[in-house]
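Chemist: Next come a sequence and a model predicted from it.
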Amino acid sequence: MGKKVNITLTVQASGLYGMSSPTQAQVDSHCTIADDNYGSSPNGTLEDFQSNVYNENDVKWLGATSDSGFTVAITSIVSKSGSIFDSGTLNGSGGRSGNVEGKVKKGTPNKQIDTYTINFSVYDNGNNPKPFSIDPKLQSNP
């Protein structure tokens, strides 16, 4: 019944990249998150954005920006509350356009919430990455 879910982090890369030591609120204000499975945030915050994912199905995180000369790479996904994956940390494929993919483990309890961190880097034209992170949620489904 489940399906693969793609989660896309879109970053206002030029604005975020230009900040020195931004606060988490500033990072969050330069990011939006969406998925292809009706994910949403009841109050509009990134911390409460929840994606519904399915046992034994893949989840893929992708980075995006519309800012010319910048790219966004997802570097890792780190579970903060009991991973619904086989590993608490999923590492990205590397490089300027890196993505992360993982499979929800079999037997994950229905409706289990997993708070996690998306670690990502913003690259400029000079290939100089700056790291950032946000903390949304996943909910498992059968």
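Modeler: Good, I have the coordinates.
Chemist: distance between the ends of stretch 97-104?
Modeler: End-to-end distance of stretch 97-104: 23 Å, with C-alpha to C-alpha, to the nearest Å as the criterion.
Chemist: And the helix or strand encompassing Ala25, what does it pack against?
Modeler: Using DSSP states H and E, Ala25 sits in helix 24-29. In terms of contacts (3 or more C-beta pairs under 8 Å, 6 or more residues apart in numbering; DSSP states H and E), helix 24-29 is packed against strand 129-134. All C-beta spots, glycine's among them, are computed from the backbone N, C-alpha and C.
Chemist: how distant is the strand it packs on from the center of its chain?
Modeler: The chain centre lies 11 Å from the centre of strand 129-134; the measure is C-alpha atoms, centre = their mean, to the nearest Å.
Chemist: For it, buried residues please.
Modeler: Of all the residues in strand 129-134, those buried under the rule 16 or more other C-beta atoms under 10 Å are 129-130, 132, 134.
Chemist: do stretch 63-83 as well
Modeler: Within stretch 63-83, the residues scored as buried using 16+ other C-beta under 10 Å are 63, 65, 67, 70-79, 83.
Chemist: Read off the pLDDT value for the residue nearest to the spatial centre of the chain.
Modeler: Centrality entry for the chain: nearest residue to the mean C-alpha point is Ile118, 4.2 Å, by C-alpha atoms, centre = their mean. Ile118 carries a pLDDT value of 97.
Chemist: now swap in the one 3 residues further on and tell me
Modeler: At Ser121 the predicted local confidence, pLDDT, stands at 96.
Chemist: where's the residue of the chain most remote from its centre relative to Leu9, distance?
Modeler: Distance to the chain centre peaks in the chain at Gly126, reaching 24.1 Å (criterion: C-alpha atoms, centre = their mean). Applying C-beta to C-beta, to the nearest Å, the value for Gly126 to Leu9 is 22 Å.
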